[in-house]
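# show me how the following folds:
(3 chains)
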Amino acid sequence: MLSFVSRRLATGVGLIATLAVLTFFFLQFGVSDVAQRIAGQQAGPDAVAVVEERIGVDRPVQVQFADWAGSALTGDLGRSWFSGQEVTEAVMSRMAVTVSLAVGSVVLTALLGITLGALAATRRGWSDRGVQFLAVLGQAIPGFLMAMALVLVFAINLDWFPATGYTRPSESVPGWLLSITLPVVALTIGSIGGVAQQVRGSMIDAFERDYVRTLRSRGLPRRSVVLQHVLRNAAGPALTVLGLQFVILLGGAVIVETLFSIPGLGPLALTSTSQGDIPVVMGIVIVTGVVVVLVNTLVDVVQAWVNPKVRLS
Amino acid sequence: MHEPLLTVDALEVEYPGRGFRALPFRAVKGVSFDIRPGETVGLVGESGSGKTTIGRALLGLAPVSAGTLTFRGEDISHPTKQRRRELTRDIQVVYQDPYSSLNPSLTIGDSLTEPMIVRKISTKEAGARVRELLDMVALPADAADRYPREFSGGQRQRVAIARALALDPTLIVCDEPVSALDLSTQARVLELFLEIQERTGVAYLFISHDLAVVREMSHRVAVLHHGEIVEWGDGDTVTSAPEHPYTQRLLLASPVPDPAAQEQRRADRLRLKEIQAQQDLQAGAA
Amino acid sequence: MTTTRSSATRAGARKGRPGLLRRLLRHPLGGVSMVVLAVVVLVGALGPFIAPFDPTETSLQTIFAEPGGDHLLGGDSAGRDILSRLLVATAFSLAGGLLVMAIAVAVGVSAGLVAGYYGGVIDATGAWFTALTMSLPSIIVLIAARSVMGPSMWWTMAIFGLFISPVYYRVVYTSVRAVRNELYVDAARTSGLGDVRIIGRHVLLAVRAPVILLMAGVIAAGIGMQAGFDFLGLGDPTTPTWGQMLNEGFYNINRSSNLVLWPALALGITTVALTLLGTALRDELEGTTDKRHSAAQPWVLEEDVPAVMDHGDEPAGEALLTVRDLAVAYPAGTGYATVVKGGRLSVRRGETHGLIGESGSGKTQTAFSILGLLPKGGKVMAGSIVFDGEELVGRTDAQLNALRGSRIAYVPQEPMSNLDPSFTVGHQLTEPLVKVLGMKKAEARERALSLLARVGIPEPQRAFDSYPHQLSGGMAQRVLIAGAVASHPDLLIADEPTTALDVTVQAEVLDLLRDIQEELGMAVLIVTHNFGVVADICDRVTVMQKGVMVETGATRAVFESPRHEYTRALFAAIPQGAPRAPLPGVSSAGSLGAGALR
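Sure, this is the predicted structure:
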């Protein structure tokens, strides 16, 4: 089991390294005039050269990368070219907000999706149609459109929730809850359907398995077979989908944050890329990659715990 | 004395191990036998005995790691891609599963013309050949325009036989060709195999787990156990009075459809089990 | 060559697109969404030409103009004509979605085909690239790419297409892998077809459906992503898109709700229609339409069922199980398919009774009916099943549950699939003992271990702690027998208990069943297609043909003098003919090489 986890993590480290190299060299194509922009449009060549030297873009690309990678390994992702802020600190504090949105939605999605999916698989009928409807809705309506609709109805028309802005939990917990309700709901609506459909499908699949008949032939009531055996065997595929949903929700959060003016990764990503602030962009990419790799490893571990074939091989 | 059509000499098949540093898996460990023109050689064994792998090695679908396959005097253990394709004219196959051996989205006619595509045979000729083949395996001529799903298992197996015959091969590998069929269908398909052999003089490598079927079909029989031939000889002797302890166990384990005879066979089997267990014990003590 | 090829294409055409299109139009969701999409496409195609104004032309007079007059839908915050912008934006949005789809298909399908067919390095690279794209939300990548490429819609969409190409890659890869292992691909290879021909003939055919199926969803995702991207203000301001219009409308919502309404409707309707089309495509291509027939016609047994040919050698005394005139049917089309049609069968205490027949004879369905565990849709329509004086037909599931596992037990055919892969053997053995027979955990464990020893498992404790996949088929079947006899049932129903096993293992399992049967004095009903098995273990036998029990009697009597013509035909089909004489000139075992025997 330990070797399983370390193998997964090693793969993850490899992925992040690839990601870092690709992104860094790719971003080089967009920074030809960045020093000019930092120095201002009126700045002369000398002033620009000073800026170039300060941010280090006068050196060869591979040297820049080696420098960046060296300090990144110690946890230092450099400083923003524009604001001079520490990238690690800026990205981490904003990542916390974004991840809390994504985690909130994943938890909500898991609870509702699994319940609805299980209901649809066992009861069929209206719950089945409900799941189908939600799945189509989630798939079809882009998240930001959903969020917009929610804002228009619940914030602007009904005035139940703040339309924009973010209250830190340290300031006021109820205020925080109010401020993240609409974003989380907007994100969740899009993903419940997919998860519910997956759970429904794999449960129906598990129902048809031979061992269910055999367990029933031993006199076990249907209910206990469903709760123990069918759900357990349907858990694997459902987990995989939840893992995928997390990445999708993370992406969705970027857009939704901008819409609700929440100080997460989204707004930071927007400003830093439009400026060409490479250290910040790199920081966002790497930290997001790390979060996703960690979540995927967690999913794999839980998966292995559920499925003895993986665990024992 | 006929020259052998095919000689298998010390054949070994090794699959690379799955995963990092895994040991390779030896499915066939030094197997030798031969097939004469027009002869049926039966390969009998249980699951994991390597019988199917030998057939696949002949067809170039399993890697030959050692030994030689000689077909009409030519070494075909490691032919070039080009030569392998030419060989398919001579060596054909009928698989066990009549459901997955035909592409469900192609008509029977399309499946039957498949071998002719490569040979650049004209549509007209191919059509005539398809009708001829269908007739040979006793299927109606309109079967060519229909899809596999419209046919029963036995009928599909007839199509598979017709496909194997399309290029007039000299050897057909029959890999458990009747195992998936019902008893009455099985009998008719076996009859068809015999009839075709009489008519065309094709040789069969007949692979099966069923001693009774192999006995009825084969001139000579080889018994496989864990990738090795444990007994090889003329069909009647091997299937009725075997010498090797494993073949004896195999023979006595197959139930006969006669209550009285089966009671006898069961008693014989239990006695043999006793004896072999005692021999093992003595061998262990010595 | 070309000519034989054309016959294949003709075959493809015969069951390909036109049929699918017609089926889609008939599909309730498919029809509506196709019409909606046709309108959207038409608007997109004509939009740039019929737009009354230049969509980028600003005018101070028409800032937030009310709908009506020259500006049918009014003007936006810069006084641009909303209708014109909407029409032109439709074209851009559709084009963007199509570009995403084209790139995803081109990259994903070709990489999936090659990687799936050849494996190796390309396979590893594909897996790596897939993992890479999954480790980052696509919007982050697109934002990063924008800082390099600038705000070009085409570049953004192309990168997005590349980024979601793994969706296609994985689907194509899996279907190619599956097809590769199909025997018909092996058969094509042994027919002399090269790789290119095999891919063209067999592999492409198999991936066609999933590729078409995903198209609608990928286009919708592309359009949605583009709108989201532009909504963030990252798009090219010179190309009007739905996303830009939404952005503008949303931030001016206090001035006019008109601005949001139209692009939101256009975007919503298009993506919903695409998604519904995808659902309809799935229904039609995969045949997943919920075919829960409510049979219109009532069930009737059409044919006269002849009386069973009874050898009349049944011993005196009351039977433990009597099945009489049983009819089992499944809904099919507007009526029913009747799979068991009648006959009679009775089993006494301590008797081993064989139920023999070919596939489709209804023997397994009869067994499931006795257990009350017919597969979904199956129903006992008529007849009676009397077990120890009690009628079982018409009982509720709860009532039957009281019999199952305590008085009636079941051994299945396929040992591996009948054990839950996620639980240990021990758990699966003790669970019914605790929940059904009410034992204490320690007691149940004790009992399970002794049962495992009883069925001849060498190391009971190890088997107890094992997961099913760690056992051999023969061992798994012994575990299932142990589980079945745990409650000392009166009747054991064994459905082809040795069919999946090798002959030497089969003989041992039959020995085990015989021993346990004698020890517990239970009745056994063995369902089988093998006369050898019946001859070996059964006291009495009943022959089934096409749902009807045609002959019943003591095994010896039926084997010696079969009365029904079907039974006689079956006996005649058993291979027991003379062995073939060796070919002239081939001395027996003459060629036995030195290496063949050790």
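# neighbours around A:Leu9, how many?
Counted with other C-beta atoms under 10 Å in any protein chain shown, the neighbours of A:Leu9 add up to 14. No exception for glycine: its C-beta is placed from N, CA and C like everyone else's.
# per-residue confidence at it?
We have a pLDDT of 84 for A:Leu9.
# got it, and A:Ser170?
pLDDT for A:Ser170: 81.
# could you do C:Gly474 as well?
pLDDT at C:Gly474 comes out at 88.
# how far away is the closest residue to it other than its chain neighbours from A:Val153?
Leaving out its chain neighbours, the residue that sits closest to C:Gly474 by C-beta to C-beta, 6 or more residues apart in numbering or on different chains is C:Val505, at 4.0 Å. C:Val505 sits at a distance of 67 Å from A:Val153 (criterion: C-beta to C-beta, to the nearest Å).
# try A:Val57
48 Å.
# more neighbours, the two?
A:Val57 (18 against 12).
# confirm the more buried one sits in a strand?
No. Under DSSP: H, G, I helix; E, B strand; the rest coil, A:Val57 sits outside any strand and is assigned coil.
# I'd say it and A:Gln64 touch.
Yes. Taking C-beta atoms under 8 Å as the definition, A:Val57 is a contact partner of A:Gln64 at 7.0 Å.
# who's in contact with the closest residue to C:Gln506 other than its chain neighbours?
Nearest residue to C:Gln506, sequence neighbours excluded (C-beta to C-beta, 6+ apart): C:Thr498, at 4.0 Å. If you count contacts by C-beta atoms under 8 Å, 6 or more residues apart in numbering or on different chains, C:Thr498 has them with C:477, C:505-506, C:509-510, C:528, C:530, C:533.
# and if you look at C:Gly44?
Neighbours of C:Gly44 in contact, by C-beta under 8 Å, 6+ apart: C:90-91, C:93-95.
# so which of these is the most crowded?
The most crowded member of these, judged by other C-beta under 10 Å, is C:Ser93 (30 neighbours).
# and the longest helix along chain A, what's buried?
The longest helix of chain A (DSSP state H) is helix A:87-123. By neighbour count on 16 or more other C-beta atoms under 10 Å in any protein chain shown, the buried set for helix A:87-123 is A:87-88, A:90-91, A:94-95, A:97-106, A:108-110, A:112-114, A:116-122.
# tell me the one of the contacts of C:Thr498 nearest chain B?
Nearest to chain B among these: C:Val533, at 5.9 Å, using C-beta to the nearest C-beta.
# what's the neighbour count on the closest one?
C:Val533 is flanked by 25 other residues according to other C-beta under 10 Å.
# I'd say it and B:Pro255 touch.
Yes. C:Val533 is in contact with B:Pro255 according to C-beta under 8 Å; the separation is 5.9 Å.
# which neighbours do these two share?
Counting by C-beta under 8 Å, 6+ apart, the residues touching both C:Val533 and B:Pro255 are C:506, C:510.
# now the most centrally placed residue in chain A: which helix or strand?
Central residue of chain A (C-alpha atoms, centre = their mean): A:Leu250, 2.5 Å from the mean position. Per DSSP states H and E, A:Leu250 falls inside helix A:231-260.
# what's the answer for C:Ile212, then?
Using DSSP H and E, C:Ile212 sits in helix C:204-231.
# contacts for stretch C:374-388?
With contact meaning C-beta under 8 Å, 6+ apart, stretch C:374-388 is reached by A:208, C:299, C:301, C:319-331, C:336, C:338-339, C:342, C:365, C:368-370, C:391-393, C:403, C:407-408, C:490-491.
# buried ones in it?
Residues of stretch C:374-388 classed as buried by neighbour count (16+ other C-beta under 10 Å): C:374, C:378, C:380-383, C:385-387.
# distance between it and the chain's centre?
In terms of C-alpha atoms, centre = their mean, to the nearest Å, the centre of stretch C:374-388 is found 26 Å from the chain centre.
# flag the shaky bits of the chain, pLDDT-wise.
This is for chain A. A:1, A:30-32, A:310-313 (pLDDT under 70).
# please refer instead to chain C.
Where chain C drops to pLDDT under 70, the residues are C:1-19, C:60, C:62, C:64-65, C:68-73, C:77-79, C:286-296, C:577, C:584-598.
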